[in-house]
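Asks: Sequence below, structure please.
(one chain, ligands or ions: 1)
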Amino acid sequence: MKRVTVLDLKEKKQKKEPIVMITAYDYPSAQMVDEVGVDIILVGDSLGMVVLGYENTLPVTMEDMLRHTAAVVRGAKRTMVVGDMPFMSYQLSPEQALDNAGRFIKEAGAHAVKLEGGEEVLEAIQKITSAGIPVMGHIGLTPQSIHRIGGYRVQGRDEETALKLKRDAKLLEKAGCFSIVLEAVPVELAKEITESLEIPTIGIGAGPYCDGQVLVYHDVLGIFQEFKPKFVKRYANLRASIIDAVKSYVEEVRSREFPDEEHSYL
Ligand code: KIV
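Replies: Residues are numbered from 1 along each chain as shown. Coordinates of the predicted model:
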């Protein structure tokens, strides 16, 4: 089975075929999304919130990311797996960024890494890509800068930030990124950025004109319900289904209905 590569993604942009990316954080979820045929699995640092129960993504460590990325890689046979570089794993120096990006590839088996930011992370991106590691950029709402931004809100509504986003996108492309996530950006701005680039954009809350879309697995399935940004579409309500199933199990154990003959060795 042939794995999705950066060349396939570029070709999809040229042919105007939408790219599908979704997050996953463990072996069974990776197997399921791989089976469906998504193009990219992002092992996002969003796992800090939806899997580990932190308030934001800032406490996530390299060890957290490597363990979850390795599990996803074991489950994904044809999908490209992108490991998300956690807060403070690439900001200190280009050398630190390369060292940690290399760990995603060597220790976890990822096929690419993602990191957040524009102009300020260009040297890190250049260093990583010059070692042969594909990098996905991420601009707009960058959750690792949540304290500077002041909240999870749309970015690029005023002229100054819109100009910075357009400039950052071009700089990231020039630095060697193979694609860029645009998060929480107005539709027309995302369209303009997408049309200005040769590399694909992957939108989350950035409207229909991006070259691809990404959503968080636990949002798509309705497992994480602590809050729901406007851009999240739930395709299932698994939280309710899981609660119902576990309730039935609890009731059957308490009433001695389970285990019955069918589930016992006679
Ligand atoms: O961590 C994550 O899941 C992400 C996506 C929302 C793009 O960065």
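Asks: what about dumping the CA coordinates of stretch 175-192 to PDB?
Replies: Coordinates of each C-alpha in stretch 175-192 appear next as PDB, following Å, rounded to 0.1, in the frame of the first residue of the first chain:
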ATOM      1  CA  ALA A 175      11.400  28.600   4.100                       C
ATOM      2  CA  GLY A 176      10.400  25.200   2.800                       C
ATOM      3  CA  CYS A 177       7.100  24.300   4.400                       C
ATOM      4  CA  PHE A 178       5.100  21.700   2.400                       C
ATOM      5  CA  SER A 179       1.800  23.000   3.600                       C
ATOM      6  CA  ILE A 180       0.300  25.500   6.100                       C
ATOM      7  CA  VAL A 181      -2.600  25.200   8.600                       C
ATOM      8  CA  LEU A 182      -4.700  28.300   8.700                       C
ATOM      9  CA  GLU A 183      -6.700  28.400  11.900                       C
ATOM     10  CA  ALA A 184      -9.600  30.700  12.700                       C
ATOM     11  CA  VAL A 185      -9.100  33.100   9.700                       C
ATOM     12  CA  PRO A 186     -11.900  34.900   7.900                       C
ATOM     13  CA  VAL A 187     -13.000  33.200   4.700                       C
ATOM     14  CA  GLU A 188     -11.900  35.800   2.200                       C
ATOM     15  CA  LEU A 189      -8.400  36.200   3.800                       C
ATOM     16  CA  ALA A 190      -7.900  32.400   3.800                       C
ATOM     17  CA  LYS A 191      -8.900  32.400   0.100                       C
ATOM     18  CA  GLU A 192      -6.400  35.100  -0.800                       C
END
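Asks: going forward, begin numbering at 44 instead of 1
Replies: From this message on, residue numbering opens at 44, which makes the last subject stretch 218-235.
Asks: got the buried residues for it?
Replies: Counting neighbours by 16 or more other Cβ atoms under 10 Å, one finds that the buried residues in stretch 218-235 are 218-229, 232-235. C-beta coordinates here come from the backbone N, C-alpha and C atoms, glycine included.
Asks: what's the average pLDDT for it?
Replies: Summarised as a single mean, pLDDT over stretch 218-235 is 98.
Asks: got it, and stretch 177-192?
Replies: The predicted model assigns stretch 177-192 a mean pLDDT of 97.
Asks: Same check on stretch 242-260?
Replies: Along stretch 242-260, the predicted local confidence has a mean pLDDT of 98.
Asks: And the residue of the chain found nearest the ligand, its phi and psi?
Replies: The shortest separation between the chain and the ligand is 2.2 Å, found at Gly87 (distances taken as Cβ to the nearest ligand atom). Main-chain dihedrals, Gly87, degrees, to the nearest 10: phi -80, psi 150.
Asks: For this structure, which segments count as helices?
Replies: Using DSSP state H, the helices of the chain run over 49-58, 70-79, 90-93, 105-118, 137-149, 165-173, 189-192, 202-218, 230-239, 260-263, 281-297.
Asks: The lowest-mean-pLDDT helix or strand in the chain and the ligand in contact?
Replies: The helix or strand with the lowest mean pLDDT-type score in the chain, counting by mean pLDDT, DSSP states H and E, is helix 189-192 (a mean of 94). No: under the criterion of Cβ under 6 Å from any ligand atom, the ligand is not reached by helix 189-192; the shortest gap measures 12.2 Å.
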